[in-house]
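Visitor: with the input below, show me the fold.
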Amino acid sequence: MKKIIEAFVSQSLFGNLLTIFVVLVGIAAIFLIRREVFPNVTYDIITITTVFPGASPQEVEQLITNPIEQDLKEIDGVKRLESHSVESQSVIVLRLDPDQTTEEKAKSDVRDIVDRFKAKLPEGAEEPLVSALESKQQPIIEVSVAGNMPELELREQAKRIQDELEDIPGVARVNPVGLQDLEIRVETDLTKLRRYQLSLENVVTALKTTNVSIPGGTIEVPSGAKEPERTVRTSGRFKTPEDVKNTVIRANDLGRAILVNDVAEVRYQLEKPTVLDHTDGKPSIRLTVLKKEKFDAIKVVDHVRQKMDEIADSLDKRIKIAYINDLSYLIKRRLSILTSNLGVGLFLVLILLSFLLPHRTALIVSLGIPFSFFGTMVLFNTYDYSINLISMIGLIIVSGMLIDDAIVVTDNCARYMEEGYSPLEAAIKGTHEVWIPVTASVMTTVVVFLPMFYMSGIFGKFVKQIPLGVVIALCISLLEAFIILPGHLAHWSKPTTRKPGEEAPKPKKGRLAKIWDTVVEPTYERIVEFNIRHRYLVAVTSFLFVVGTFVIAATAMRFVLFPADDIEIFMIRAQAPTGTSLQQTEALIKPVEDIVSALPEKDLKNFLTTVGMYWQGPETNRRGSEYAQLTVFLTPPQSRDRNDKEIIEELREKIGTPPGFVRVSFERVQGGPPVGRPIDLGIRAKEYEEIVPAMNHIKDLLTQLDGVTDIQDSYIMGKEEVNIKVEPNEAAAANISVRDIGNTVRASFEGLIATSIPGLDEEIDVRVVLPKAYRSDGTTLEKLRIPNMAQNLVPLSQVSAHSTSQGLAEYEHEAFRRQIEVTASVDTEKTSATEVNKLIRQKVPEIEKMFPGITVAFGGEDQDTAESMASLGRAFIVALLGIFLILVLTFRNLLHPFLVFLMIPFGLAAVIWAFILHGKPLTFMGMLGMIALAGVIVNNAIVLIDFVNQRRAGGASGTESIISAAKSRLRPIFLTTATTVVGLMPTTYGIGGLDPFVVYITMALAWGMVIGSTLIVLVLPAAIAIMDDIAYRFDRLIGRVPANH
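Guide: Residues are numbered from 1 along each chain as shown. Predicted structure coming up:
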């Protein structure tokens, strides 16, 4: 290694050119790197969605969900299977085990099963849609087109904007929300049908058989003929509603015909909506923009906004455009934090180093930050890694560590310069002396982050992006410290001249550096001497401190997976009584919209209202005309005078339970990867009659727990159903099939799609249905006539009887059994999801004994927490093993690695106290910070122990070597700790911008280094002395040292 260092020191021009090259290419790379919201990860979730318009939840369960579920049992690698059967829709969710299967294989197997099922698909149901959930499906921005105007005009404006946005480079697609399809409605009058002795089936058949285009082949021409061949086609294709009106239903020999126009009103109309959308209280259509995978998110959003500015003047003046959920803002904010923290950190590091090192030396050390950062950007761009919200966490973390190795190298070289060596000699000797411990120190940090690449579960897929930047930047930093830095120190440091046999003049020092030499180091030397003399008292005190800290953490600290610290988005969910129509729910939610819109402008950015659905998770939504949800977007925390909890509490008091609603709940949307509800209990059994009593018992238990709010269950009665029971004998006598009856009833109320008219950008269905007056009349069933085989019309009442019943609004399955979910939120100031789930879990055996036949399963955040903690635990164990192996390679014994390992608990205890004093709970990101700290905190111990060994190799006694090494290593330990902390503190306390998601990991690292390093420099010398005592007694025991020695 010494020859390599000598070679690069002597060829310093190469180092200078390499530095310039990396910085210039790095600057260029910054403008080329793709920026996106999240890395493209798959969630290992496959959904099967089947739409069955007009079908009741029970029909959906029996005809669609159950048959598909039975076939899905043969799929390998399914960790969980759940289904939701609601009115008109079945959603089956498969959660995969990535250790047993791949998403592509599972998706292929599911498609095969769905293809087989299509032959059994009930008439009127749409083909099942199989899709895999991926982060790239998340929109980067939503453009809201709102206005108080006729629906068709609003739709026309939204369609035009959609077309414009889809032409933007980088836009993958634009999904409209609240945009109903255009259809040609054939509203048939029952009285007129009866007058002409026609049925709805006759109208449907006439339209279906007329709107056709049938190829007839080719008219062949004789050989040598001049005319070309021609194709033949028989076509009756509809082009306009007039063509539909003029369709002949029946005609006689006299030429008299009955047209569709004679029995029906034909017109363009929007399909019956299932969801209504409002923006800031006004009817709207939202256009959600998805970008192509290889395009820059910020640039695509900028282009979207530019396009909207270009076409703004040509839009209807009643239109109001709003930008919702612009995720590029999050990227810009975290980039701003990263760049500002790098700038602030670099400045503070330069100031800090200048206090204790010569100014020129301090500048040389600081060059390692831009070199490492720009070098990382070069590799990111070369291998097509993106800058995203997760990878930036790694860059923020490493920003304070980039010159730790350079500080140790520089301090050692500076020490040799102070002893009279020339800069060239000092650079070579000083770098070579510390290259092993410095490499070991960097490698322990790298090894700590490497296991994060292999963490499992959904969190693991996101977390593995964090170590990417850390590992690359640290390796480049190490390269700079050994290859480039020595050359800079040798040729840029102030030269010294000396005559043979004469000691070179020592570099001049600043006032603070002199204070360090005359006050700090002597004081520290006396403390070390005291601690070595009283080493067992120090050891016992340290042990009690660590153990006491862990006991406090286990008993008093709360764990929150991803805390919602002053969030910017929350939801208000409302549910009206079952059977409430979409329009009624829209009217009921209006007072809630008025209350939200009255929030001050400095608090409220905008809000969305969705009627007919509310969000339950990344893979499922709860649908029904009685549901409504407001998604409220607040201004950034720094722009408000109050936090989100105060705003929510104000709204909770004002809203209460509005007239017409049976329940209202609030949910804060936290940052981080998608997680389930804080409390999510699945109660399963064969029949619902077994589940309901257990459900009520569990809800009573949750009600008694302080801090548990918004307790809900999924057991909701559905709409009242009218069941038509066909009388087999009467139907057979009348020559009518059950299918004939079902089609007539369906056409009357839901409508039947008779045919469709293809267009350039959309296909327009032709729907035959009764007018609204008939559809809302309870006596219409009595007026229906069914055509038999002889085309005679038979009254429905003659061949059937009807009764009423009521089922559930949703039939939910989990693990092929029926399930009711009980969900709740928690007030994190009073309790945590972990504590509540722990209390309920203790009572589960008693509950299952009390209600035989049921099982209780924990999902949501509890399940996510269990998976993430298991993955974290495995990563921590692998990291510790990696650190131990590096230490054994470095010290070539087991005793010194054990000493270094003893320092890790001090860092962890420091983090716990930092969180306690800041009033923060322990979090997933905080624990990631603790794992990272384990690799960083040992670095100081490695260098100190290595110097003790060097002193002893030079002939120093045991105590003398400890004191000398501790004293000489105090300054680099202080500088590496201080520069790391200075680099992290701006993020921890929001200097340059606050990012709550990152705060916990930077706080763990920063305060763990401050307190942990302080404890190490105080305790480690005493620990080394105790190890010497143990080694001495062992040697005496085996006779290696005489007893009287």
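Visitor: mind listing what residue 807 touches?
Guide: Contacts for residue 807 (C-beta atoms under 8 Å, 6 or more residues apart in numbering) come out as 56, 57, 58, 717, 718, 721. C-beta here means a position set from N, CA and C on the backbone, and glycine is covered the same way.
Visitor: swap in 7 Å and give it another go.
Guide: Residues in contact with residue 807 (C-beta atoms under 7 Å, 6 or more residues apart in numbering) are 56, 57, 58, 718, 721.
Visitor: can you select the buried ones from those in ChimeraX?
Guide: The ChimeraX command for the buried members of these (criterion: 16 or more other C-beta atoms under 10 Å) is given here:
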select :56,57,58,718
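Visitor: and the two most separated of the contacts of residue 807?
Guide: The largest separation in the contacts of residue 807, counting by C-beta to C-beta, is between 57 and 721 at 9.5 Å.
Visitor: just how off-centre is the longest helix along the chain within its chain?
Guide: Secondary structure of the chain per DSSP state H: the longest helix is helix 996-1037. How far helix 996-1037 lies from its chain's middle: 36 Å, per C-alpha atoms, centre = their mean, to the nearest Å.
Visitor: for that helix, name the packing helices and strands.
Guide: Judged by 3 or more C-beta pairs under 7 Å, 6 or more residues apart in numbering; DSSP states H and E, the packing partners of helix 996-1037 are helix 391-398, helix 521-533, helix 535-556, helix 895-901, helix 904-917, helix 924-953, helix 958-988.
Visitor: nearest to residue 474, out of these?
Guide: Here helix 391-398 is closest among those (C-beta to C-beta), at 6.4 Å.
Visitor: show me what the closest one is packed against.
Guide: Secondary-structure packing of helix 391-398 (3+ C-beta pairs under 7 Å, 6+ apart): helix 328-356, helix 466-479, helix 996-1037.
Visitor: which element follows that helix toward the C-terminus?
Guide: As assigned by DSSP states H and E, the chain's next helix or strand after helix 391-398 is helix 404-418.
Visitor: got a pLDDT number for residue 91?
Guide: Listed pLDDT for residue 91 reads 93.
Visitor: surely it is in a helix?
Guide: No - under DSSP: H, G, I helix; E, B strand; the rest coil, residue 91 falls outside any helix and is assigned strand.
Visitor: and the closest residue to it other than its chain neighbours, helix, strand or coil?
Guide: Nearest residue to residue 91 in three dimensions, chain neighbours excluded: residue 84, at 4.7 Å (C-beta to C-beta, 6 or more residues apart in numbering). At residue 84 the chain is in strand, as set by three-state DSSP.
Visitor: could you report the neighbour count for residue 84?
Guide: 27 (other C-beta atoms under 10 Å).
Visitor: tell me the bridge partners for it.
Guide: Beta-bridge partners for residue 84, by DSSP bridges, are residue 91, residue 812.
Visitor: what's the spacing between it and residue 263?
Guide: For residue 84, the distance to residue 263 (C-beta to C-beta, to the nearest Å) stands at 40 Å.
Visitor: swap in residue 54?
Guide: Separation of residue 54 from residue 263 (C-beta to C-beta): 23 Å.
Visitor: counting contacts, what elements does the longest strand along the chain pack onto?
Guide: In terms of residue count, the longest strand belonging to the chain (DSSP state E) is strand 621-634. Judged by 3+ C-beta pairs under 7 Å, 6+ apart, the packing partners of strand 621-634 are strand 569-575, helix 582-597, strand 604-615.
Visitor: show me the shaky parts of the stretch 601-750 of the chain.
Guide: Within the stretch 601-750 of the chain, the ranges that satisfy pLDDT under 70 run 616-620, 671-675.
Visitor: and the helices in it?
Guide: 644-655, 688-703, 728-733, 738-749 (DSSP state H, counting those that start in this stretch).
Visitor: sorry, back to before: correct me, but the residue nearest to residue 91 touches residue 69?
Guide: No - Residue 84 lies out of contact with residue 69 (C-beta atoms under 7 Å); the separation is 11.7 Å.
Visitor: in the helix or strand bottoming out on mean pLDDT in the chain, what's buried?
Guide: When the helices and strands of the chain are scored by mean pLDDT, DSSP states H and E, helix 511-515 comes last with a mean of 74. By 16+ other C-beta under 10 Å, the buried positions in helix 511-515 come out as residue 513.
Visitor: hang on, the earlier thing: as TSV, the helices and strands packed on helix 996-1037 with mean pLDDT, distance to residue 685 and mean neighbour count would be great.
Guide: As requested, the helices and strands packed on helix 996-1037 are exported to TSV (pLDDT from 0 to 100; distance: least, C-beta to C-beta, whole Å; neighbours: other C-beta atoms under 10 Å):
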stretch	mean pLDDT	distance to residue 685	mean neighbour count
helix 391-398	84	43	25
helix 521-533	92	64	16
helix 535-556	92	36	14
helix 895-901	87	50	19
helix 904-917	91	42	21
helix 924-953	85	33	24
helix 958-988	84	49	23
